[in-house]
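K.L.:
Kindly return the folded structure for what I paste below:
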Amino acid sequence: MAFRDRSGSNDDVESGYASGSSTASLADVYFTRTHLKFINQQLAKLEPQDVIRWCLTSLPQLWQTSAFGLTGLAIMDMISKLDYTIKPNIELIFLDTLYHFTQTLDLVERVKQQYPNLSIHTFKPEGCETTQDFETKFGQQLWETDEEKYDYVAKVEPAQRAYRQLDVKAVLTGRRRTQGGKRGDLDIVEITDDGLIKVNPLANWNFQQVQAYIKENNVPTNDLLDQGYRSVGDWHSTQPVTDSEDERAGRWKGRQKTECGIHNKKSRYAMFLQEQENKRQQELSDAITNGLKIEA
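P.N.:
Residues are numbered from 1 along each chain as shown. Down below sits the predicted model:
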């Protein structure tokens, strides 16, 4: 599943995705820059359920990713109630960083009870089952000593592993423009640099619309919402917000940071790892070449 840009432009967009400018080129689906723009213009006129219906007819290997925030919960409920000729057999990926609030983990169990047909695939930091495992491997408070490394090993790498192991080509996310930060210019459909298609069905909705849907449909929610939280992530980087603040103002409060790395371009740490792997591969290639020369 990929996007091929035939325009020759490499312009980036503020959201961190080249929606119409990626150089990724895989073999399943191609969007020209003009076509992707047209799709977004059309989907922006539809209700979220209609966007999901479009996904079911257009995108193979479609999954949902969610940290069980309000928008993700609304999408889960919409999928479960979707009246459509094509059965929406969409499974969910949950990244357990091992630092979620207890209330979030309790919510996961309540979701399983209310939506018994929903398959949830949980991915944790590689080689870690518990917080103690993580701290033995990476040290305590890694989010303070090396934040980029923390984002990578706790979130980015597990997400990449999930996409690889599950052969994910497209994902539904709970991101919305009114959440603020780099999400302010969010498109309905985006293409990452490595060709993953991300669809944001509720991109046009505001917090009040999501709240109304949740209430009307009796969707289970995080108990922390009653304590002033709107966007809930790891306990060490999440605080309550006031009514005048953006939803995600409580994430990394008082700092310029608004994303954990999953929805950004590669972090410096990820690029460092890639450079190390490239170097290793080059050294291996050189060794093989030199060995062949010696034998000759």
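
K.L.:
and residue 121, that one's in a strand?
P.N.:
Yes: read with DSSP: H, G, I helix; E, B strand; the rest coil, residue 121 is one of the residues of a strand.

K.L.:
Do I have it right that it meets residue 166?
P.N.:
Yes: Residue 121 is in contact with residue 166 according to CB atoms under 8 Å; the separation is 6.6 Å. Where you see a C-beta, it was placed from the backbone N, CA and C, and this is true even at glycine.

K.L.:
Find the residues that touch each one of these two.
P.N.:
Common neighbours of residue 121 and residue 166 are listed as residue 93 (criterion: CB atoms under 8 Å, 6 or more residues apart in numbering).

K.L.:
Contacts only, for the nearest residue to residue 175 once chain neighbours are set aside.
P.N.:
Nearest non-adjacent residue to residue 175, counting by CB to CB, 6 or more residues apart in numbering: residue 200, 4.9 Å away. Each residue near residue 200 by CB under 8 Å, 6+ apart is listed here: 172, 173, 174, 175, 176, 186, 187, 188, 189, 190.

K.L.:
got it, and residue 70?
P.N.:
By CB under 8 Å, 6+ apart, residue 70 lies in contact with 174, 207, 210, 211, 214, 221, 225, 230.

K.L.:
For it, give its distance to residue 59.
P.N.:
Distance of residue 70 to residue 59, computed by CB to CB, to the nearest Å: 24 Å.

K.L.:
cool, and residue 116?
P.N.:
Residue 116 sits 25 Å away from residue 59, going by CB to CB.

K.L.:
who has more neighbours, these two?
P.N.:
Neighbour count, other CB atoms under 10 Å: between residue 116 and residue 59, residue 59 has more, with 19 against 7.

K.L.:
what about stretch 76-96, average pLDDT?
P.N.:
On average, the pLDDT along stretch 76-96 is 94.

K.L.:
Let the chain start at 463 from now.
P.N.:
Let's use 463 as the start, then, which means that last one is stretch 538-558.

K.L.:
What is the nearest of the contacts of residue 532 to residue 516?
P.N.:
residue 636 (17.4 Å; CB to CB).

K.L.:
Quick check on residue 659: phi, psi?
P.N.:
Residue 659 has phi and psi values of phi -90, psi 130 when expressed as degrees, to the nearest 10.

K.L.:
what pairs with it across the strands?
P.N.:
For residue 659, the beta-bridge partners under DSSP bridges are residue 632, residue 653.

K.L.:
For stretch 570-590, what is the distance to the chain centroid?
P.N.:
From the chain centre to the centre of stretch 570-590 is a distance of 16 Å (CA atoms, centre = their mean, to the nearest Å).

K.L.:
all helices for this structure, in order.
P.N.:
Assigned by DSSP state H, the chain shows helices spanning 495-505, 510-520, 532-543, 564-576, 593-600, 604-607, 609-613, 619-627, 669-678, 730-757.

K.L.:
can you put those in CSV and add distance to residue 698?
P.N.:
Formatted as CSV, the helices of the chain follow (distance: least, CB to CB, whole Å):
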stretch, distance to residue 698
helix 495-505, 36
helix 510-520, 32
helix 532-543, 21
helix 564-576, 13
helix 593-600, 11
helix 604-607, 6
helix 609-613, 10
helix 619-627, 17
helix 669-678, 24
helix 730-757, 18
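
K.L.:
Would you mind telling me which of the ones you listed is nearest residue 702?
P.N.:
Closest to residue 702 of the helices of the chain is helix 564-576 (CB to CB; 12.8 Å).

K.L.:
now the closest one against helix 532-543, angle please.
P.N.:
Counting by axes from the mean of the first three to the mean of the last three CA atoms, to 10 degrees, helix 564-576 lies at 10 degrees to helix 532-543.

K.L.:
buried residues in helix 564-576?
P.N.:
Across helix 564-576, burial judged by 16 or more other CB atoms under 10 Å covers 565, 566, 569, 570, 573.

K.L.:
which residues are in contact with that helix?
P.N.:
Under the contact criterion CB under 8 Å, 6+ apart, helix 564-576 has outside partners 529-530, 535, 538, 556, 580, 582, 681-686, 694.
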